[in-house]
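*Asks:* below: sequence and its predicted model.
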Amino acid sequence: MTSQNADDRRAHIVRAAARLFEQKGYHNTNVGDIAEAVGLRKATLYHYVKSKAQILVWIHDDTTGPLLERLEKDIANGIEPREGLRHVVADILELMETKPGYLRVYFEHHREIPEDLQAESKRKRDRYQHLVETLIEDGVQRGLFRKDLNVRLTVLTLFGMTNWSYQWYTPGGEYGYHRLADELLKTFLLGVEPR
């Protein structure tokens, strides 16, 4: 089997597992369920996967990796802070359309990653948060955001608004993810009080 075929098989396994974890829960899904979903025998699945926990790590990597890569590129290119925050929100919402189940698994089961496999996932999560904090700090320095902002609390508020959307946002519904990102960011930046 070529490495491309192995990569395709891995991606298929991860997508199927993410859907199962979302539908049944991580703890209620076993390796046999995943094997059946991808049309493999359980023994054959172990040729591609060491454990269910490894699949969970891959889901986290496949979630954080593209988000982190985009944000690092935006910041390296000197993106304007408000536009950078719009990308942050839109990128997270887009994942709900392009990778069903991944965000729920990412947010609800990151603590299930075995301790010996947590370091890299935690490093990526922390790096991502730091970069979003950098956008806010840049906005404060440019006079776009209030000088008295608590940067960490501001970022956690943005994440709270955006990350919780996996609970209620329906891809393909009334709002596309770009429009929804604009609406969420407008509420975040302007609040709800009249000006």
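*Replies:* Nice, I can see it.
*Asks:* not counting its neighbours along the chain, what's nearest residue 121?
*Replies:* Nearest residue to residue 121, sequence neighbours excluded (C-beta to C-beta, 6 or more residues apart in numbering): residue 60, at 4.6 Å. (Glycine included, C-beta is placed from N, CA and C.)
*Asks:* next up, the contacts around the one you found.
*Replies:* Residues near residue 60 by C-beta atoms under 8 Å, 6 or more residues apart in numbering: 106, 110, 113, 121, 124.
*Asks:* following the helix or strand that contains it, which helix or strand shows up next?
*Replies:* Per DSSP states H and E, residue 60 falls inside helix 52-76. Downstream of helix 52-76, the first helix or strand assigned by DSSP H and E is helix 81-98.
*Asks:* so what touches that next one?
*Replies:* 63, 66-67, 70-71, 74-75, 79, 102-103, 132, 135-136, 138-139, 142, 144-145, 158, 161-163, 165-166, 169, 171-172, 177-178, 180-182, 184-185, 188-189.
*Asks:* now these: which count as buried?
*Replies:* The neighbour-count test (16 or more other C-beta atoms under 10 Å) marks 63, 67, 70-71, 74-75, 79, 102-103, 132, 135-136, 138-139, 145, 158, 162, 165-166, 169, 177, 180-181, 184-185, 188 as buried among the contacts of helix 81-98.
*Asks:* neighbour-wise, which one of the contacts of residue 60 leads?
*Replies:* Highest neighbour count within the contacts of residue 60: residue 106, with 24 neighbours (other C-beta atoms under 10 Å).
*Asks:* need the nearest residue in space to that residue, chain neighbours excluded.
*Replies:* residue 63 is the one closest to residue 106 (C-beta to C-beta, 6+ apart), at 4.5 Å.
*Asks:* enumerate every residue touching that neighbour.
*Replies:* Per C-beta under 8 Å, 6+ apart, neighbours of residue 63: 95, 99, 102, 103, 106.
*Asks:* in this protein, spot the helix with the most residues.
*Replies:* Determined from DSSP state H, the single longest helix within the chain is helix 115-141.
*Asks:* which elements pack onto it?
*Replies:* helix 52-76, helix 81-98, helix 151-163 (3 or more C-beta pairs under 8 Å, 6 or more residues apart in numbering; DSSP states H and E).
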